[in-house]
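Here you go, sequence then predicted model.
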Protein chains: 2
Amino acid sequence: MELLKNKILECGIVLGDNILKVDSFLNHQIDVPLMRAVGKEFAEKFKNDNITKIVTLESSGIAPAFAAAEEMGVDVVFSRKNQSLTLNKNSTELVYSEVFSFTKNVTSTIYISRKHILPGDNILIIDDFLANGEACKGLISLIQDLGATVAGIGIVIEKSFQKGRSLLEEQNIKVVSLSQIKSLKNNTIEFLN
Amino acid sequence: MELLKNKILECGIVLGDNILKVDSFLNHQIDVPLMRAVGKEFAEKFKNDNITKIVTLESSGIAPAFAAAEEMGVDVVFSRKNQSLTLNKNSTELVYSEVFSFTKNVTSTIYISRKHILPGDNILIIDDFLANGEACKGLISLIQDLGATVAGIGIVIEKSFQKGRSLLEEQNIKVVSLSQIKSLKNNTIEFLN
């Protein structure tokens, strides 16, 4: 997606060989027209996959997931990371999974309520980054525990030099990344294609 | 806003005299068409306020903020709660504030980068709930530290029996709440008007 790649080249900041900071349009400030274009692109790529719902992980996935959901006419569920008083941990309402974030260097518990994902749902997972695939792995596990199917994964920025994509493709899941970064070495952003 | 009030009556779950759970359309699952309508309503209410940017707090504020921003032709900044590796805490790039959440019973540090809010910006704060006003107070402090002006606050659900609105109005800030809950007593949702 040229518009996205140009934005990454223009505004992305390389912080070492593995970390790309895109706070100016995705992870802190949201470039709203760009996210609308991202949503349209996801809708086009998954238009024949009978998606019934989009699932993302708070927080940076919410804007692209919202835009895609609006284009596709479905709702979004964002998995939560922290337990709040409005969720009853002792109930059987929630399913949990562990996710390790290399970027934040912490393991989080994420969860989704059984009320919002039903057996038979055909889920599109959308996330901001695909790196080692930990977040997607956690979401896939939650969705499968809920009896639903992961029909595809849509990623805004894939770091193709990390193992995420191969890990997901081993599970025969369709993965669409709107940008694929081959390398961040020498402080330079190089795309795969 | 009748559409919103009807949704709250239909799907809101009262968890005690102070807590309303709206996980089915705002805090966990997002009702996308409802959030679009909420965005349009905010855009209408603040159309004469020369808003240059919308600020919200991750995570539940992002969807209504995104929709409103799209209607108003501005970008969104969501203040972050956790320090990630892509943010350098020792730099002077970030401004911080403390926010106590009664719902989660924790104090969080929130922050915004100086890069994304400029002196002269005319900010609309959007958040999911207004209760005791702690989150808004933290955001106002950040925005003022950055030299920008808080032109207004848009709230999806105000718990009018708590002190948030009066606290904000004392600062002469325009507060627009799309629903105002008078009471949650006796397991019953009662609106102010």
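Everything's here; your move. Residues are numbered from 1 along each chain as shown, chains lettered A, B, ... in the order given.

In space, not sequence, find me the middle residue of chain A.
In chain A, the residue lying closest to the centroid (CA atoms, centre = their mean) is A:Asp127, at 1.2 Å.

who's in contact with that one?
A:Thr56, A:Leu57, A:Ser60, A:Gly61, A:Ala135, A:Cys136, A:Leu139, A:Ile153, A:Gly154, A:Ile155, A:Val156 (CB atoms under 8 Å, 6 or more residues apart in numbering or on different chains). The C-beta positions use only the backbone N, C-alpha and C, and glycine is treated the same way.

Next, it: secondary structure please.
Per DSSP: H, G, I helix; E, B strand; the rest coil, the secondary structure class of A:Asp127 is strand.

what's across from it in the sheet?
A:Ile155 (DSSP bridges).

And it, how close does it get to chain B?
14 Å (CB to the nearest CB, to the nearest Å).

Could you dump the contacts of A:Asp127 into a markdown table and include pLDDT, distance to A:Gly73 and neighbour count?
Compiled in a markdown table, those are given as follows (pLDDT from 0 to 100; distance: CB to CB, whole Å; neighbours: other CB atoms under 10 Å in any protein chain shown):
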| residue | pLDDT | distance to A:Gly73 | neighbour count |
| --- | --- | --- | --- |
| A:Thr56 | 98 | 17 | 28 |
| A:Leu57 | 94 | 22 | 26 |
| A:Ser60 | 95 | 23 | 24 |
| A:Gly61 | 97 | 19 | 28 |
| A:Ala135 | 94 | 25 | 26 |
| A:Cys136 | 96 | 24 | 26 |
| A:Leu139 | 97 | 21 | 26 |
| A:Ile153 | 98 | 20 | 27 |
| A:Gly154 | 98 | 16 | 28 |
| A:Ile155 | 98 | 21 | 27 |
| A:Val156 | 98 | 21 | 28 |
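
Inside strands: which ones of those?
Mapping the contacts of A:Asp127 onto strands (DSSP state E) picks out A:Thr56, A:Leu57, A:Ile153, A:Gly154, A:Ile155, A:Val156.

Between those, which sits nearest A:Ser179?
A:Ser179 lies nearest to A:Val156 out of the ones in strands among the contacts of A:Asp127, by CB to CB, at 7.0 Å.

so where do the strands sit in chain A?
A:13-14, A:20-21, A:29-30, A:53-57, A:75-79, A:94-101, A:106-113, A:122-130, A:149-159, A:175-177, A:180-183, A:190-191.

any chance of the ones you listed in CSV, plus distance to B:Glu170?
CSV is the format used below for these (distance: least, CB to CB, whole Å):
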stretch, distance to B:Glu170
strand A:13-14, 40
strand A:20-21, 38
strand A:29-30, 30
strand A:53-57, 37
strand A:75-79, 34
strand A:94-101, 39
strand A:106-113, 37
strand A:122-130, 38
strand A:149-159, 41
strand A:175-177, 49
strand A:180-183, 49
strand A:190-191, 52
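
Of those, which is nearest B:Glu169?
Of these, the one closest to B:Glu169 (CB to CB) turns out to be strand A:29-30, at 28.7 Å.

and the end-to-end length of stretch A:47-65?
Using CA to CA, to the nearest Å, the gap from the first to the last residue of stretch A:47-65 comes to 15 Å.

anything in that stretch near chain B?
Yes - counting by CB under 8 Å from any CB of the partner chain, chain B is contacted by stretch A:47-65 at A:Glu58, A:Ser59, A:Ile62, A:Ala63.

didn't the first one look like it was pressed against A:Phe66?
If I follow you right, that is A:Glu58. No - with contacts counted by CB atoms under 8 Å, A:Glu58 stays clear of A:Phe66, the gap being 12.0 Å.

more neighbours, those two?
Higher neighbour count among A:Glu58 and A:Phe66: A:Phe66, with 30 against 17, using other CB atoms under 10 Å in any protein chain shown.

How about stretch A:129-143, which residues are buried there?
A:129-143 (16 or more other CB atoms under 10 Å in any protein chain shown).

Can you show me the CA trace of the helix of greatest length in chain A as PDB?
Ranked by residue count under DSSP state H, the longest helix found in chain A is helix A:32-45. This file holds the C-alpha atoms of helix A:32-45, laid out as PDB (Å, rounded to 0.1, in the frame of the first residue of the first chain):
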ATOM      1  CA  VAL A  32      -7.400   9.600  10.500                       C
ATOM      2  CA  PRO A  33      -7.500   9.700   6.600                       C
ATOM      3  CA  LEU A  34      -4.700   7.200   6.500                       C
ATOM      4  CA  MET A  35      -6.500   4.800   8.800                       C
ATOM      5  CA  ARG A  36      -9.600   5.200   6.600                       C
ATOM      6  CA  ALA A  37      -7.500   4.200   3.600                       C
ATOM      7  CA  VAL A  38      -6.100   1.300   5.600                       C
ATOM      8  CA  GLY A  39      -9.600   0.200   6.600                       C
ATOM      9  CA  LYS A  40     -10.800   0.300   2.900                       C
ATOM     10  CA  GLU A  41      -7.700  -1.800   1.900                       C
ATOM     11  CA  PHE A  42      -8.400  -4.500   4.500                       C
ATOM     12  CA  ALA A  43     -12.100  -4.600   3.500                       C
ATOM     13  CA  GLU A  44     -11.000  -5.200  -0.100                       C
ATOM     14  CA  LYS A  45      -8.500  -7.900   0.800                       C
END
